[in-house]
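Enquirer: Show me the folded form of this:
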Amino acid sequence: MTAQKRFELLKLKLTEELVAILVDEKGISIPVAFDMVYQSRTYAKLSDPNTKLYIQSVGYVYSLFEDEIKEKTDSVAS
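Expert: Here you go, the predicted model:
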């Protein structure tokens, strides 16, 4: 397996797991969960192989994503 293929598979798996967390734990619909993930800075970082974020645990990546959501929510509330 090439490094590019491994990167794509790991990125896909993490994306699926992030969506599953949003659906299972937050009650968000699947389409909205995918939109949230795909439109996030976290996903942009995950999509850059130079960040090596794709080799991190889903818990770590989700914590970054959660911080980003909280930051957006806080800025809207202000």
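Enquirer: In three-state terms, how would the closest residue to T51 other than its chain neighbours be classified?
Expert: Among residues not flanking T51 along the chain, K45 sits closest, at 4.9 Å (C-beta to C-beta, 6 or more residues apart in numbering). For every residue, glycine as well, the C-beta is placed using N, CA and C. With DSSP: H, G, I helix; E, B strand; the rest coil as the basis, K45 sits in helix.
Enquirer: Just to check, K45 is in contact with K52?
Expert: No: look at K45 against K52 with C-beta atoms under 8 Å: they stay out of range, at 9.8 Å.
Enquirer: So these two - more neighbours on which side?
Expert: The neighbour comparison of K45 against K52 (other C-beta atoms under 10 Å) goes to K45, with 17 against 10.
Enquirer: so who does that one touch?
Expert: T51, L53, L64 (C-beta atoms under 8 Å, 6 or more residues apart in numbering).
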